[in-house]
Each structure stands twice: as structure tokens, then as C-alpha cells.
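Q: coords below, sequence missing:
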Ligand SMILES: NC(=O)C1=CN([C@@H]2O[C@H](COP(=O)(O)OP(=O)(O)OC[C@H]3O[C@@H](n4cnc5c(N)ncnc54)[C@H](OP(=O)(O)O)[C@@H]3O)[C@@H](O)[C@H]2O)C=CC1
Ligand SMILES: O=C(CO)COP(=O)(O)O
């Protein structure tokens with residue numbers, strides 16, 4: 001019989017709810033921490049999170065709470081599923097209640113504003129005694145909630161941690177692959193959000209399959225180029241957390257980042273789009289940070305620059321496309337396996 005774990009999932013949005021429910025279905029003690037008491041009551045009473053996943057019946061053993069101390073105390077595993085803008089504050093609170101040596105897994109695909117830090121780095125600073133992992137992959141929450149087959153990646157240097165998380169989340173429609181490349185897995189999840197905005201914008205303009213293929217492939221080249229400059233292994237970008245997640249989010253209106261791009265492509269204002277979305281689209285902040293970081297490192301990122309110009313400068317989409325099409329023509333594949 002597998003060990004029964006006591007788990008807290010912090011963040012009661014779409015992804016937090018889905019992973020909490022999978023683990024409750026797998027017979028673990030799971031508490032979903034959220035800040036809205038009406039929603040917590042609804043989950044405990046009606047076993048539904050109607051604000052985020054109205055068609056997804058939740059396991060009756062899944063508990064919800066607005067009390068962070070109550071949610072975390074005694075847990076051996078904590079999942080972070082809040083937006084990157086809140087991760088440090090939430091982690092600092094977690095530090096008061098968490099067991100030494102507990103496992104903490106970040107699911108957040110974003111970058112901290114100051115210092116271009118990924119969430120595992122933020123967690124390591126705030127929770128120095130925790131064993132830290134990162135979960136990332138092509139995981140559109142609504143598809144998982146609809147019981148569609150999906151897979152993800154758990155990344156940690158701690159092999160035992162990877163095995164524990166694989167067993168926790170594995171079920172008939174969800175597979176978990178392991179990686180030791182925490183940085184590469186996490187960076188892939190954060191960067192692809194930017195390209196999903198671009199893909200949504202391109203979809204709004206009615207582009208064909210050749211153009212879609214070109215955009216996605218050149219996005220992967222650009223992401224990998226940036227990652228290599230930051231010291232990551234480009235091979236990780238060929239896995240689920242890299243190209244896998246890029247394909248999912250650049251192809252689906254279920255992606256919030258794609259939807260932001262789609263509305264931008266129809267001429268809507270960014271602030272209005274974000275306000276109407278009511279959920280996190282991490283790529284909007286990542287775009288600015290990525291452009292700045294690429295400039296500092298001297299990495300050539302024409303797609304990021306073009307998207308930035310469309311959103312934040314008076315340049316039109318046609319101006320930007322013209323510039324991109326007449327840029328110097330270079331090599332297709334930049335990396336070789338020795
Ligand atoms: N959705 C997906 O398919 C996947 C998402 N991710 C990543 O996971 C993260 C969360 O995504 P997702 O669940 O979809 O996002 P949602 O926007 O659906 O939910 C975010 C949740 O975080 C809560 N929250 C925000 N700020 C705070 C705070 N300061 N304290 C407590 N709770 C807070 C929100 O609360 P409230 O409802 O009260 O506003 C909401 O419940 C993102 O970084 C995303 O990139 C990762 C994999 C897949
Ligand atoms: O990361 C995701 C799917 O893997 C979710 O993408 P969005 O945040 O764009 O909805």
C-alpha cells in the first residue's frame with residue numbers, strides 16, 4: 001500500500017483545484033487553501049469550485065480552508081499554485097507554519113520582477129529548509145478537469161522527491177515524468193507564455209498553418225537561445241515542459257495568454273483584456289522582464305522584441321511583421337548534440 005500523505009495546495013484557482021483534486025482522488029489528505037471564504041464553503045459543502053471550474057465535481061474528501069496555518073500545519077508536502085506576483089508573500093507566510101524538510105513544489109509559471117528570479121529560487125530564499133521541486137508541462141487545467149489524458153514534469157535534483165510526486169499525481173489520465181533540470185523545466189514554463197500571446201494574436205489575424213508552424217518553431221529556437229545564455233540545457237526544451245507546453249498554449253483558446261493575444265489581435269486594449277480575464281496571464285509581465293533581460297545579456301530575440309513593440313509602442317503589427325521578414329536570414333537549428 002502506498003503511503004498516505006498530508007498535503008496543502010496553496011491557491012484555489014484552476015490549476016490548484018485540479019491538482020488538489022487528483023491527489024484527493026488518489027486517497028491523500030488534501031487541503032486547498034484559498035483566500036475567498038464563500039468559495040471555501042462552496043467546496044466543502046457542494047464539492048465544486050464554480051468560479052474556476054464549474055463543471056468539475058470535486059472529491060468529497062478534498063477540504064478547503066482560508067486559514068493558512070490550519071492548511072499547512074502537519075503537512076509533509078505543499079504545492080504552490082498562486083500567481084508569481086504573490087509567490088514570495090505567500091511563501092514568507094508559509095515559513096511560519098511549515099515542517100522542516102517538507103517538500104514544496106512550485107506550479108507557478110512566472111518570473112519575479114526584481115532580479116529575474118524563478119519561483120524555485122524565491123522558494124529557496126523564503127523556505128531554506130524545504131526540499132524544493134517544480135511541476136510544469138502542457139497542463140491546460142480545464143482539459144485535465146474534463147478527464148482528458150495529459151502529462152507533466154516534476155523537476156528536482158532530489159530523486160526521492162521526484163518519485164514521491166510521480167506517485168502522488170499519477171492516475172488513469174495523468175502521467176508524471178521526472179527531470180533533474182529544475183532551471184530548464186521552470187524556465188520553459190515561464191517563457192512559453194510570451195509566445196502564446198503572440199500565437200493568439202496571429203490566430204486573430206487568420207494566419208495559415210505554414211505561418212503557425214514557423215512561429216512556434218522560431219519561438220522554440222528563441223526560447224532555447226535565451227535559456228542557453230542563462231546556463232540551461234537546451235535539450236530540456238525538447239521535452240514536455242518545453243516544446244510540449246509551447247504547443248499546448250500556442251494552440252488553445254483555453255490558455256489565458258493565448259486569449260490575451262487573441263483579443264489584442266482584434267484591437268482591444270491590454271488593460272481591458274486583463275481586467276476582463278479575471279485570471280492570471282503570466283506572459284504579460286514576463287514579456288517586459290524577458291525583453292529587458294535579453295537586452296542585458298545581448299541575446300537576439302526578434303519575436304519578443306516584435307511583440308513588445310506591438311503592445312507597448314505605437315508600431316503596428318504590419319510594421320513589426322515587415323521588420324521581422326526582412327531581418328537577416330540565418331541558420332535553422334542552432335544546437336548540435338555531440
Ligand atoms: N492553469 C493551468 O493550466 C496551469 C497554470 N499554471 C500556473 O499556475 C499558476 C496559477 O495558475 P491558475 O491556477 O491557473 O491561475 P488562476 O488565475 O486560475 O488562479 C490563481 C489563484 O491564486 C489566487 N491568488 C492570487 N493571489 C493570491 C494571494 N496573494 N494569496 C492567495 N491566493 C492568491 C487567486 O485567488 P482569487 O480567486 O481569490 O483571486 C486564484 O485562486 C500560474 O502561474 C500559472 O501559470 C501551471 C500549470 C497549468
Ligand atoms: O500553462 C498553462 C498550460 O500548460 C496554462 O496556460 P495559461 O496560463 O496561458 O492559461
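A: Yes, it's here. The shown structure was predicted, so the numbers you read here are calculated from the model rather than taken from an experiment. Ligands and ions are numbered 1, 2, ... in the order given.
Q: switch to C-alpha atoms for all contacts and neighbour counts from now on
A: Fine.
Q: quick one, domains of this structure?
A: 6-180, 184-326 (the TED database).
Q: want to throw these into CSV with mean neighbour count, mean pLDDT and distance to ligand 2?
A: What follows is the domains of the chain, written out as CSV (neighbours: other Cα atoms under 10 Å; pLDDT from 0 to 100; distance: least, Cα to the nearest ligand atom, whole Å):
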stretch, mean neighbour count, mean pLDDT, distance to ligand 2
domain 6-180, 20, 97, 4
domain 184-326, 19, 96, 3
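Q: Now render those as TSV, adding distance to residue 332.
A: Compiled in TSV, those are given as follows (distance: least, Cα to Cα, whole Å):
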stretch	distance to residue 332
domain 6-180	25
domain 184-326	8
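Q: Show the contacting residues for the closest residue to residue 228 other than its chain neighbours.
A: Sequence neighbours aside, residue 234 is the residue nearest to residue 228 in space, at 6.1 Å (criterion: Cα to Cα, 6 or more residues apart in numbering). Residue 234 makes contacts with 184, 224, 225, 227, 228, 335, as judged by Cα atoms under 8 Å, 6 or more residues apart in numbering.
Q: Assign a three-state SS to the fifth one, would you?
A: The one in question is residue 228. helix (DSSP: H, G, I helix; E, B strand; the rest coil).
Q: who does the top helix by length along the chain touch, helix- and strand-wise?
A: Across the chain, the longest stretch assigned as helix under DSSP state H is helix 182-204. Packing partners of helix 182-204 (3 or more Cα pairs under 8 Å, 6 or more residues apart in numbering; DSSP states H and E): strand 131-136, strand 150-155, helix 209-229, helix 245-251, helix 256-265, helix 283-297, helix 302-312.
Q: Out of these, which is closest to residue 193?
A: When these are compared by Cα to Cα, helix 283-297 sits nearest residue 193, at 4.5 Å.
Q: Point out the other elements, helices or strands, that that closest one touches.
A: Short answer (3+ Cα pairs under 8 Å, 6+ apart): helix 283-297 packs on helix 182-204, helix 302-312.
Q: wait, which of those helices is closest to ligand 1?
A: Proximity to ligand 1 (Cα to the nearest ligand atom) singles out helix 182-204 among the helices and strands packed on helix 283-297, at 7.3 Å.
Q: Next, the angle from that closest one to strand 150-155.
A: Here the directions of helix 182-204 and strand 150-155 differ by 140 degrees (axes from the mean of the first three to the mean of the last three Cα atoms, to 10 degrees).
Q: how far is helix 182-204 from where the chain is centred?
A: Chain-centre distance of helix 182-204: 9 Å, with Cα atoms, centre = their mean, to the nearest Å.
Q: Is any residue of that helix near ligand 1?
A: No. Applying Cα under 6 Å from any ligand atom, one finds helix 182-204 separated from ligand 1 by no less than 7.3 Å.
Q: Quick one: residues contacting the residue of the stretch 151-300 of the chain at minimum distance from ligand 1.
A: Relative to ligand 1, the nearest point of the stretch 151-300 of the chain is residue 279 (3.5 Å; Cα to the nearest ligand atom). Residue 279 is in contact with residue 256, counting by Cα under 8 Å, 6+ apart.
Q: Next to ligand 1 in this structure, residues from the stretch 101-250 of the chain, please.
A: 107, 108, 109, 110, 136, 139, 140, 141.
Q: taking the residues you listed one by one, which sit in strands?
A: Counted as lying in strands by DSSP state E, out of these, are residue 136.
Q: Quick check: the farthest pair among the residues of the stretch 101-250 of the chain next to ligand 1?
A: Longest span within these, Cα to Cα: 110 and 141, 16.5 Å.
Q: from the residues of the stretch 101-250 of the chain next to ligand 1, which single one is nearest residue 162?
A: Distances from residue 162 to those, taken by Cα to Cα, are shortest for residue 136, at 12.6 Å.
Q: how about the helices of the stretch 51-200 of the chain, start to end?
A: Secondary structure of the stretch 51-200 of the chain, counting by DSSP state H, counting those that start in this stretch: helices at 68-72, 84-94, 119-126, 141-145, 159-169, 182-204.
Q: of all these, which lies closest to residue 289?
A: Per Cα to Cα, nearest to residue 289 of the helices of the stretch 51-200 of the chain: helix 182-204, 10.3 Å.
Q: Next, the spatially most central residue of the chain: phi, psi?
A: The centroid of the chain falls nearest to residue 109 when counting by Cα atoms, centre = their mean (3.0 Å). For residue 109, the backbone dihedrals (degrees, to the nearest 10) come out as phi -100, psi 70.
Q: residue contacts, the closest residue to it other than its chain neighbours?
A: Leaving aside its sequence neighbours, residue 109 sits nearest to residue 190 (Cα to Cα, 6+ apart; 4.4 Å). If you count contacts by Cα under 8 Å, 6+ apart, residue 190 has them with 109, 110, 111, 282, 283, 286.
Q: Dump those to TSV, plus distance to residue 164.
A: As requested, those are exported to TSV (distance: Cα to Cα, whole Å):
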residue	distance to residue 164
109	21
110	24
111	26
282	28
283	30
286	31
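Q: Nearest to residue 259 among these?
A: Nearest member of the contacts of residue 190 to residue 259, counting by Cα to Cα, is residue 283, at 11.1 Å.
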